[in-house]
Each structure stands twice: as C-alpha cells, then as structure tokens.
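Student: For reference, the sequence and a predicted model appear below.
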Amino acid sequence: MSSSIEFDPIRLPPEAEELRKEVRAFLKEEIAAGTFDPHSAHLGKSFNPEFSRKVGERGWIGLTWPKEYGGQERSFLERYVVTEEFRVSGAPARAHFTADRQSGPMLLKYAPDEVKQDIVPRITRGECYFCIGMSEPDSGSDLFAAKTKAEKTADGWRINGRKVWTSNAHRSHYMIGLFRTSSATDDNRRHGLTQFLVDMSTPGITVRPLLHLTGNHEFNEVIFEDALLPENAVLGEVDSAWKQATSELAYERSGPERFLETIYILPELVNVLGKEPDVRGAEGIGRLVAQLHTLRRMSISVNGMLAAGKEPVLEGSVVKDLGTNWEQALPAKARELSAFAQSDPGNRADFDELMRFATLIAPKLTIQGGTREILRGIIARGLGLR
C-alpha cells in the first residue's frame, strides 16, 4: 500500500512569534550571565544540567504535554520556535532535549500511569535525561534486525545484548530501548519487538564510550548482561513495537535540529566574505539561505501536522534525509566559498576553529537518527516503489 508525500502549507501562528521574543530575551540574559558563549557553544559544549533546570522553570520542557504532568498544553509550533532559537544560539540544551523531543511523548502514550506520574514531571523540571536504544552493532539503523533480547521472567524481563551509537547514555537516567521479545515470522519481520523503559542504574548495564573525531564523548556502546527490568518497564504492546518506534521517529527526524547542527558556519561565512562579497560568494550564500529556508518550511509543516494529530513518518524522513545532507555538506561548501576571501584575521581565526570542528563532526550527521540508506528505503516503501 503506497502513500503520497504531502507537506501541509503551515505558517507559525502569532503566539509562536510572541514566544520567540520571550526565548530570545531569556537567551540574551543567559549569555550576559556567562552561562554559555554563543561563539564557542557549538564546540561540543551542549550539556548543561543547570541550564536545563532554568528552561524547566520557564515551562519550556514538555511544552505540548498535559498540565497534569507538568506540561503547558501549548502547540508543536510553539515548541518548534523554542528548539529553533536554542539551536541557532548554541544554547546548551542537550541534557533535556531527547526526553523533551521523543521520550516524554512515548511515556505519555504508552507507559503505565504510575510511571508517568513519577518520571514525566521530572522531565519537565529539567531534572531527568533520556537516551534512545535502537541501533545495534550488526543492524545499524535497520530496527527490524535488532537482536538484543528481552526474556520474560517471574518478576519482569531479563535483557542481554548491545546497543551502539547511543547518544549521552553515560549521562542519562533512562533509556527507551527496543528489544526482541520473540522471533520475527516469515511473513512479518517486524513482529517480535517491544519497547522498554530502562533505568540506566540497573545492575548488568555497562556504558562504554565511542569517541568521534573531535575526541568528544557523545556516542556510546551500551551492554546488557542479565539486566533485570520490572514488569511495568514494558511500553505499549509486547511484540508490536514497530508501529510505536516508527511513530516515534516522526518526532526524532523532523525538527530543526536535523538541519541546524552546523548552522554556526553560515553567519561566520558571511562575516568572512564581508559586506560586499564577490559574485561567486554572493551566489553561494544565496543558494545556502534558499535551501535553508526550504528545509525550514518543510520542518514547520511536519510539526504542524503533528499538532493536527497526524503521523507524518514519510515527511519526517524526507526532512531528516535532506536536512542532514545539507548540514553535512555546509562546511565543505563554506571552505570552497571562503578560499580566496580577504578577511579580518580575527574573524578568520574564529571561522577556522568552527570549520575544523564542523568538518570533524560532519560524518556522524547522516548516521544519527537513521542513515540515509534506511531513510530512502522507508520513503521508497511508503511510495510503493519497493
């Protein structure tokens, strides 16, 4: 069965633009207070628990969630504005971001009530951090090939296996993990997967760092050796998590973070080229800004569709594929455009430092959240092409 890809023509409402003013004022105060430096914040300094607590005090974590659990019951488009402003400024929001983006919504939809009452309010206060356990050493982004096993016991579930590329597992309180609870069937390889809430302090869980080229510790390998989870750790229906996981990916793959991770290069490139760039430089910047604007319109559309109760999995996959390709290519394009620019030595030094960092992290951008090959397979299948 095929589907069409449609991006609803959605604009940010007035209340979202009013919220933008509040967020910018808050960020200005935090920068003045020395909480973070917008010129160097992009260099791997994005995890700041105290900043996350301040964001929680403002009510900007779980912005769309029910007030019963500490949320504000505001729109996905207002949340979009918060994410966009934080990303562009380099705000250190990584501690709470995964829980805000996708883990919290999953708990609200599938977790037992006692779990929601305990954990979700802590997320909204900026006190509880999550990681996502999906990819595995032999399966990568092919979720249906997951082998890490969850076996039923008298008191819960015993977990054995490994997850890799698990961002911030070493600093997270919980993981939402995708584990195999039974074998796939001949006619349905999606069968047999279940989602679990994993307390990362559980005995039998070991977290090992996977450093990327900058030397920063962001990714991890997570090893489960007879880790015992309670019965209420199950999220949703046993053996049928594939629907839940693909729905979750609409949140993970569609936000502005999927094309703004190297955005700091663009304003620095403008500074290096100066107020009167040559024709080549002006055309290059124009193309980059036009592409960025297109990605932004698509991302806003997906968030508006989420707000309307839709599940734009295909559209989210398109945003992620195009967006991460764009942000991955940005450093190389900026280097090409700036090669012969006569710029102020100070500006050039800042630009070169940021360029070095962006170039080193660029390879990971089309891997995290789903490789381009997997994404294009999802899109092709949704269009009935495979």
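Tutor: Thanks, I have it.

Student: what does the helix or strand Phe196 falls within contact?
Tutor: Using DSSP states H and E, Phe196 maps to strand 193-199. Strand 193-199 has contacts (C-beta atoms under 8 Å, 6 or more residues apart in numbering) with 106-107, 110-111, 115, 119, 133, 143-144, 146, 150, 157, 159, 173-181, 205, 227, 229, 233-242, 244-245. (Glycine included, C-beta is placed from N, CA and C.)

Student: Put the buried members of these into a PyMOL selection.
Tutor: Of the contacts of strand 193-199, the buried ones can be selected in PyMOL as follows, counting by 16 or more other C-beta atoms under 10 Å:
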select buried, resi 106+107+110+111+115+119+133+143+144+146+150+157+159+173+174+175+176+177+178+179+180+181+205+227+229+233+234+235+236+238+239+241+242+244+245
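
Student: now, which of the contacts of strand 193-199 lie within strands?
Tutor: 133, 150, 157, 159, 174-180, 205, 227, 229, 234-235 (DSSP state E).

Student: Tell me which residues of stretch 324-340 come out buried.
Tutor: For stretch 324-340, the buried set under the neighbour-count rule, 16+ other C-beta under 10 Å, comprises 324, 326-331, 333-335, 337-338.

Student: need those residues in TSV with pLDDT and secondary structure, can you?
Tutor: What follows is the buried residues of stretch 324-340, written out as TSV (pLDDT from 0 to 100; DSSP: H, G, I helix; E, B strand; the rest coil):
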residue	pLDDT	secondary structure
Thr324	92	helix
Trp326	95	helix
Glu327	95	helix
Gln328	95	helix
Ala329	96	helix
Leu330	96	helix
Pro331	95	helix
Lys333	97	helix
Ala334	96	helix
Arg335	94	helix
Leu337	95	helix
Ser338	93	helix
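
Student: one step back: next, the angle strand 174-180 makes with the strand holding Phe196.
Tutor: Between the axis of strand 193-199 and that of strand 174-180 there is an angle of 150 degrees, by axes from the mean of the first three to the mean of the last three C-alpha atoms, to 10 degrees.

Student: Check the offset of strand 193-199 from the chain's centre.
Tutor: Centroid separation for strand 193-199 versus its chain: 19 Å, with C-alpha atoms, centre = their mean, to the nearest Å.

Student: just checking, Val222 is part of a strand?
Tutor: Yes. Counting by DSSP: H, G, I helix; E, B strand; the rest coil, Val222 is found in a strand.

Student: Tell me the one among the buried residues of stretch 324-340 nearest to Lys21.
Tutor: Checking these against Lys21 by C-beta to C-beta gives Glu327 as the nearest, at 26.4 Å.

Student: Next, count neighbours for the nearest residue to that closest one once chain neighbours are set aside.
Tutor: Leaving aside its sequence neighbours, Glu327 sits nearest to Thr262 (C-beta to C-beta, 6 or more residues apart in numbering; 4.6 Å). Per other C-beta atoms under 10 Å, the neighbour tally for Thr262 reads 24.

Student: Sketch out the strands for the protein, chain order is fine.
Tutor: Assigned strands in the chain, in chain order: 130-133, 149-152, 156-163, 174-180, 193-199, 205-211, 217-230, 234-235 (criterion: DSSP E).

Student: For the nearest residue to Glu114 once chain neighbours are set aside, give me its contacts.
Tutor: With C-beta to C-beta, 6+ apart as the criterion, Glu114 has its nearest non-adjacent residue at 7.0 Å, and that residue is Asn232. Contacts for Asn232 (C-beta under 8 Å, 6+ apart) come out as 111-112, 114-115.

Student: so can I have TSV of those showing pLDDT and distance to Phe47?
Tutor: Below are those laid out as TSV (pLDDT from 0 to 100; distance: C-beta to C-beta, whole Å):
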residue	pLDDT	distance to Phe47
Ala111	95	25
Pro112	95	29
Glu114	95	29
Val115	95	25
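
Student: Of all pairs in those, which one is the farthest apart?
Tutor: Most distant of those, by C-beta to C-beta, are Ala111 and Glu114, 8.6 Å apart.

Student: so where's the longest helix in this structure?
Tutor: In the chain, assigned by DSSP state H, the helix with the most residues is helix 279-307.

Student: Local confidence estimate at Ala250?
Tutor: Looking at Ala250, its pLDDT is 62.

Student: please renumber so the chain begins at 48
Tutor: Shifting the count to begin at 48 puts that one at Ala297.

Student: OK, contacts around the residue nearest to Glu374?
Tutor: Shown in contact with Thr309 (C-beta under 8 Å, 6+ apart): 374-375, 377-378, 405, 408-409, 412.

Student: show me the residues around Ala231 that make contact.
Tutor: If you count contacts by C-beta under 8 Å, 6+ apart, then Ala231 has 191, 237-239 around it.

Student: just for the stretch 148-297 of the chain, where's the confidence low?
Tutor: 187-189, 236, 292-297 (pLDDT under 70).

Student: Domain-wise, how is the protein divided?
Tutor: Domain ranges of the chain: 61-175, 179-287, 300-429, per automatic domain parsing.

Student: nearest to Asp55, of those?
Tutor: Taking the domains of the chain one by one with C-beta to C-beta, domain 300-429 is closest: 5.3 Å.

Student: hang on, Glu120 packs against Gly109?
Tutor: No. If you go by C-beta atoms under 8 Å, Glu120 and Gly109 don't touch, sitting 9.7 Å apart.

Student: who's more crowded, the two?
Tutor: More crowded of Glu120 and Gly109, by other C-beta under 10 Å: Gly109, with 28 against 11.

Student: Pretty sure that one sits against Gly117.
Tutor: Yes. At 6.0 Å, Gly109 and Gly117 qualify as touching, with contact defined as C-beta under 8 Å.

Student: so what does the longest helix of the chain touch, helix or strand wise?
Tutor: Using 3 or more C-beta pairs under 8 Å, 6 or more residues apart in numbering; DSSP states H and E, the elements in contact with helix 326-354 are helix 123-136, helix 288-299, helix 312-320, helix 360-385.

Student: between it and helix 312-320, how many degrees?
Tutor: Here the directions of helix 326-354 and helix 312-320 differ by 160 degrees (the same axes, to 10 degrees).
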